[in-house]
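K.L.:
Compute the structure for the input listed below.
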Amino acid sequence: MRAPAFWQETGIASALLAPLAGLYGWAAAARMRRPGSSAGVPVICVGNPTLGGAGKTPAALAIGRFLNEAGERPVFLSRGYGGSSRGPLIVDPGRHRAVDVGDEPLLLARNAPTVVARARPAGADLARERGASVIVMDDGFQNPSLAKDFSVLVVDGRRGIGNGRVFPAGPLRAPLEIQLDRAQALIAVGEITAAAAVLAKAEAVGIPVFRGRLEPDARALAALAGKEVLAFSGIADPQKFFAMLIAAGMRVGGSRAFADHHRFSASNAARLLAEADRHGLVPVTTEKDLARMCGDPRVAELAARAHPVPVALVLDREAEFERLVLSAVRNLGL
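P.N.:
You can find the predicted model right below:
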């Protein structure tokens with residue numbers, strides 16, 4: 001779905017939905033207060049306070065990377081949004097497709113063992129059996145079924161928390177106060193504009209705030225040097241991807257945005273390829289979009305011709321953040 005425009009403002013539409021938002025927020029807060037079951041190993045959770053993307057999966061990948069470098073054995077745990085499997089199962093990128101396990105688990109599985117499970121405790125059991133010394137949850141912050149030992153909230157610096165209201169009147173998944181009460185760190189991704197207020201609230205209650213940016217892979221940029229591209233994407237904020245390409249010096253001759261987790265159709269692929277051929281452009285997309293296309297015969301040609309541009313989260317105070325997470329994991333000693 002696309003986020004409605006009124007989620008960024010406190011207008012009539014948001015006000016009319018306020019009673020429903022109050023009920024939803026009460027239920028979400030009550031749910032978050034429930035105790036979760038123990039995984040038997042430390043659990044790090046990376047979540048968004050709002051609906052829509054902010055850089056959560058790149059943050060989870062960054063955490064997995066430095067856990068690996070520190071000698072830990074991280075296993076990613078994901079609900080597998082967009083996939084048909086309920087799990088629990090170990091993701092096999094060579095066998096599973098996005099339609100089976102979702103797009104994000106396929107990216108995670110390239111970096112560390114990844115479990116998909118709708119029931120998080122069952123997924124944690126499988127991760128532990130797989131040899132996990134620590135579980136990194138990609139999403140699930142508002143889900144109480146599994147106890148978290150260290151939680152990181154990720155917000156988009158430009159969008160922040162929108163109008164600050166709970167769904168459906170705004171983008172918040174639960175009241176901000178209870179979310180901050182259960183977070184041990186907050187990462188703001190990109191230029192800080194609308195997110196300034198939520199950063200101030202986090203700092204006021206003693207939550208360490210880190211700033212980060214998504215940087216495109218240098219090798220992918222080098223491979224496209226001097227070429228004009230047709231950028232397309234179906235993520236939460238395609239415009240952020242397009243702006244990143246332009247900021248990196250890429251010549252973007254056209255851009256096409258689709259809804260988050262969009263499943264590309266044969267007609268989508270035909271139109272994109274026709275436009276690219278007509279204007280002499282190279283199709284370029286995100287790793288997540290390409291993951292959804294791979295293995296689908298309807299869009300095989302587009303998947304073969306599209307160049308993915310991987311991104312990585314770079315934190316301004318990465319060493320400090322790394323020490324904070326590792327200290328939490330090792331002090332737990334489960």
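K.L.:
Val252 is in what secondary structure piece?
P.N.:
Element membership for Val252 (DSSP states H and E) is strand 251-257.
K.L.:
ok, residues contacting the next helix-or-strand element following that strand?
P.N.:
The helix or strand immediately downstream of strand 251-257 is helix 266-279, counting by DSSP H and E. With Cβ atoms under 8 Å, 6 or more residues apart in numbering as the contact definition, helix 266-279 has outside contacts at 228, 230, 232, 253-254, 256, 258, 262, 281-283, 293, 298-299, 301-302, 305. C-betas here are computed from N, CA, C, even on glycine.
K.L.:
Only whichever of the residues you listed are buried, select them in ChimeraX.
P.N.:
To isolate the buried ones among these in ChimeraX, judged by 16 or more other Cβ atoms under 10 Å, type:
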select :228,230,232,253,254,256,258,262,281,282,283,293,298,299,301,302
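K.L.:
Now, the contacts of helix 266-279 that are in strands?
P.N.:
Judged by DSSP state E, the subset of these located in strands is Glu228, Leu230, Phe232, Gly253, Gly254, Arg256, Val282, Pro283.
K.L.:
CSV for these, including pLDDT and distance to Asp125?
P.N.:
As requested, these are exported to CSV (pLDDT from 0 to 100; distance: Cβ to Cβ, whole Å):
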residue, pLDDT, distance to Asp125
Glu228, 97, 50
Leu230, 97, 45
Phe232, 97, 39
Gly253, 95, 50
Gly254, 95, 47
Arg256, 96, 42
Val282, 97, 45
Pro283, 97, 41
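K.L.:
Who is the nearest residue to Lys227 once chain neighbours are set aside paired with across the strands?
P.N.:
The shortest distance from Lys227 to any non-neighbouring residue, by Cβ to Cβ, 6 or more residues apart in numbering, is to Val282 (4.9 Å). With DSSP bridges as the criterion, Val282 is bridged to Val229.
K.L.:
How is the chain divided into domains?
P.N.:
Taking automatic domain parsing as the reference, the chain has its domains at 5-72+133-213+314-332, 218-309.
K.L.:
nearest to Ser84, of the ones you listed?
P.N.:
Ser84 lies closest, by Cβ to Cβ, to one member of these: domain 218-309, at 12.0 Å.
K.L.:
Quote the end-to-end distance of the closest one.
P.N.:
Terminal residues of domain 218-309 lie 9 Å apart, using Cα to Cα, to the nearest Å.
K.L.:
ok, now stretch 204-222?
P.N.:
End-to-end distance of stretch 204-222 (Cα to Cα): 43 Å.
K.L.:
Just the buried positions in that stretch, please.
P.N.:
Ile207, Pro208, Val209, Phe210, Arg211, Gly212, Arg213, Leu214, Glu215, Pro216, Ala220.
K.L.:
try stretch 81-98
P.N.:
Neighbour-count burial for stretch 81-98 [16+ other Cβ under 10 Å]: 81-83, 85, 87-91, 93, 96-98.
K.L.:
quick one: contacts of that stretch?
P.N.:
80, 99-106, 108-110, 113-119, 122-123, 125-126, 130, 139, 261, 291-292, 294-296.
K.L.:
now swap in stretch 231-248 and tell me
P.N.:
For stretch 231-248, the external contacting residues (Cβ under 8 Å, 6+ apart) are 3, 52-54, 156, 158-159, 190, 214, 216, 221, 229, 252, 254-262, 264, 272, 283-286, 288-289, 292, 306, 309, 311.
K.L.:
Pretty sure Val205 sits against Ile178.
P.N.:
No: using Cβ atoms under 8 Å, Val205 is not in contact with Ile178; the gap is 11.6 Å.
K.L.:
State the phi and psi torsions of Asp156.
P.N.:
Here is the backbone geometry of Asp156 (degrees, to the nearest 10): phi -80, psi 130.
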